[in-house]
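J.: Below is the sequence, then the predicted model.
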Amino acid sequence: MAAALGFHIIIILSLGTHLEISGNYFVILPLVAAAFSFGFKGGLIGGILALPLNLLLFSLIGHPEYSPASKIIAQTSGIAVGSVLGYLGNYYHALELEVERRREAEKELVKALEEKEILLHEIHHRIKNNLNIINSLVQLQLNRSNNEVFIEEGEKLINRLQSISLVHNQLYNQGEPACTYLVDYLPALVDNVIHGLDEGKVRILYQMDSPGQTINADQAAPLGLIINEVLTNAIKHGLSRVESPEVLVALKEEGSLVVIEISDNAPAFVPGNREYQGLGIKLISTLSRQLEGTFEYLDRGGTVFRLAFPG
């Protein structure tokens with residue numbers, strides 16, 4: 001404000017005789033400065049004082065005739081222009097306050113997000129450690145037992161724990177726990193299960209027709225356990241009797257449903273027989289309901305497990 005007023009005074013006192021009546025226009029500089037410095041009141045007062053200021057300066061340089069011919073119109077115009085600029089000044093200050101408020105809110109959100117990420121990593125780290133401890137305890141008990149049934153069930157439990165652990169690794173190690181792509185998750189899960197069963201002779205084939213399909217954290221855990229149970233059943237009860245065992249894992253979409261099919265070249269079976277009424281089938285049924293999906297076993301010259309759930 002002071003700089004604009006000083007500039008106007010210097011212009012009139014030094015160049016007024018050359019500018020003559022045109023020097024009146026330079027009063028807009030302190031008027032704008034007043035409006036944007038002090039808002040509507042500053043613009044209104046500036047508009048009232050604009051004409052008297054020019055009259056004073058023209059008197060000081062000895063040329064009062066440079067003042068506007070109509071003092072009433074000049075005064076009214078100054079007040080109107082000052083008021084409008086003052087209103088704009090108020091709006092500008094309101095925008096500045098809003099920008100500052102949003103900047104502070106953004107800082108708080110960034111801080112909260114950083115704290116959330118740290119907490120998520122800490123939770124994931126602890127879950128991973130707890131799963132490893134449980135896995136180690138089960139393995140210790142297996143090493144001390146000669147009971148074949150206990151050893152078999154213990155190995156199944158270890159595979160389930162490894163499937164849960166894989167869920168956390170897939171979802172949280174990348175720093176974005178919201179979702180993961182099924183085309184990445186399924187092969188990693190299948191390879192993990194096959195490696196856990198020490199069945200390297202099983203040939204695994206993939207048919208991924210839905211590369212963009214994702215799965216969130218709530219779906220990943222039950223899906224991982226379902227795949228684990230299906231593959232465990234297939235390898236233990238079917239593929240072990242096949243000379244060249246093969247498993248085909250297919251991913252596709254049917255309308256709004258995500259469909260996963262796991263096929264093998266073992267003799268087909270339909271769950272419900274005494275041999276297949278164990279915990280594995282019960283788990284598959286319960287976990288499928290968690291996904292709000294359905295499952296079935298089909299006979300297509302081999303065993304086919306089909307799971308469909310909303311995408």
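T.: Cool, got the structure.
J.: Do me a favour and average the pLDDT over the longest helix along the chain.
T.: The residue-count maximum for a helix in the chain (DSSP state H) belongs to helix 71-143. Averaging pLDDT along helix 71-143 gives 85.
J.: by contact count, what packs against the helix or strand encompassing residue 304?
T.: Secondary-structure assignment from DSSP states H and E places residue 304 in strand 303-310. Counting contacts by 3 or more Cβ pairs under 8 Å, 6 or more residues apart in numbering; DSSP states H and E, strand 303-310 packs against helix 217-237, strand 257-264, strand 294-299. Quick note: C-beta positions are derived from backbone N, CA and C, even for glycine.
J.: ok, 10 Å please
T.: helix 217-237, strand 246-254, strand 257-264, helix 279-290, strand 294-299 (3 or more Cβ pairs under 10 Å, 6 or more residues apart in numbering; DSSP states H and E).
J.: in the first one, what counts as buried?
T.: For helix 217-237, the neighbour count (16 or more other Cβ atoms under 10 Å) marks 219-235, 237 as buried.
J.: and this protein, what are its domains?
T.: 2-107, 177-310 (automatic domain parsing).
J.: picking up where we left off before, which helices and strands does the longest helix of the chain pack with?
T.: Against helix 71-143 (3+ Cβ pairs under 10 Å, 6+ apart) you get helix 28-60, helix 148-172.
J.: what's the angle from that helix to helix 148-172?
T.: 160 degrees (axes from the mean of the first three to the mean of the last three Cα atoms, to 10 degrees).
J.: Report the angle between helix 71-143 and helix 28-60.
T.: Helix 71-143 and helix 28-60 are oriented at 150 degrees to each other (the same axes, to 10 degrees).
J.: pLDDT below threshold where in this structure?
T.: When residues are selected by pLDDT under 70, those of the chain lie in 167-179, 196-200, 268-279.
J.: Columns distance to residue 70 on top of the helices and strands packed on strand 303-310, output as JSON lines?
T.: Formatted as JSON lines, the helices and strands packed on strand 303-310 follow (distance: least, Cβ to Cβ, whole Å):
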{"stretch": "helix 217-237", "distance to residue 70": "76"}
{"stretch": "strand 246-254", "distance to residue 70": "79"}
{"stretch": "strand 257-264", "distance to residue 70": "80"}
{"stretch": "helix 279-290", "distance to residue 70": "84"}
{"stretch": "strand 294-299", "distance to residue 70": "88"}
